[in-house]
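S.K.: Can you look at this prediction? I've put the sequence above it.
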Amino acid sequence: MNSLVRFFFRPAEGPVCIILIRLAAGLIFLTQGILKFTDPNMGVVRFARIGFPFPYCSAHLVGTFEIACGLLVLVGVWTR
């Protein structure tokens with residue numbers, strides 16, 4: 001079990017700037033995903049304007065994916 005946890009959650013190696021980059025990227029994905037749910041102009045309206053089929057479903061799918069991936073980057077899963 002310990003090796004499996006170590007595989008997914010490896011400690012940060014290298015300079016501190018790597019951690020700051022991971023923090024910035026994770027927060028950008030997280031906030032943009034949240035905006036897809038809270039602001040119609042960033043979510044459903046934007047996807048409809050671009051021409052996506054089923055803009056309501058597409059916006060929520062993309063928003064969920066961005067939130068999940070943003071959290072994974074912040075936690076450090078597969079970021080090595």
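M.R.: Structure's in. What do you need?
S.K.: How far off centre is the biggest helix by length in the chain?
M.R.: Looking across the chain with DSSP state H, the single longest helix is helix 16-38. Taking the mean of its C-alpha atoms, helix 16-38 sits 6 Å from the chain's own mean (C-alpha atoms, centre = their mean, to the nearest Å).
S.K.: Flag every buried residue along the helix or strand following it.
M.R.: Tracing the chain past helix 16-38, the next element assigned as helix or strand by DSSP states H and E is helix 44-50. Neighbour counts over helix 44-50 (16 or more other C-beta atoms under 10 Å) mark Val44, Arg46, Phe47, Ala48 as buried. Where you see a C-beta, it was placed from the backbone N, CA and C, and this is true even at glycine.
S.K.: and helix 44-50, what's its mean pLDDT?
M.R.: The average pLDDT for helix 44-50 rounds to 94.
S.K.: Distance from the chain centre to it, please.
M.R.: Worked out by C-alpha atoms, centre = their mean, helix 44-50 lies 20 Å from the chain centre.
S.K.: Show me the contact partners of the helix or strand following that helix.
M.R.: Proceeding N to C from helix 44-50, the next assigned helix or strand is helix 55-75, under DSSP H and E. With contacts defined as C-beta atoms under 8 Å, 6 or more residues apart in numbering, helix 55-75 is touched by 9, 22-23, 25-37, 43-48, 52, 78-79.
S.K.: Glu66 - how many residues pack around it?
M.R.: Glu66 sits with 19 neighbouring residues when counted by other C-beta atoms under 10 Å.
S.K.: Identify the residues contacting the residue lying closest to it once chain neighbours are set aside.
M.R.: Using C-beta to C-beta, 6 or more residues apart in numbering and skipping the chain neighbours, the partner closest in space to Glu66 is Gly33 (3.1 Å). With contact taken as C-beta under 8 Å, 6+ apart, Gly33 is in contact with Val62, Gly63, Thr64, Phe65, Glu66, Ile67, Ala68, Gly70.
S.K.: next one: Phe52
M.R.: Phe52 touches Ser58, Ala59, counting by C-beta under 8 Å, 6+ apart.
S.K.: Run a quick neighbour tally on Val16.
M.R.: Neighbours of Val16 using other C-beta under 10 Å come to 8.
S.K.: Fine by me, thanks again.
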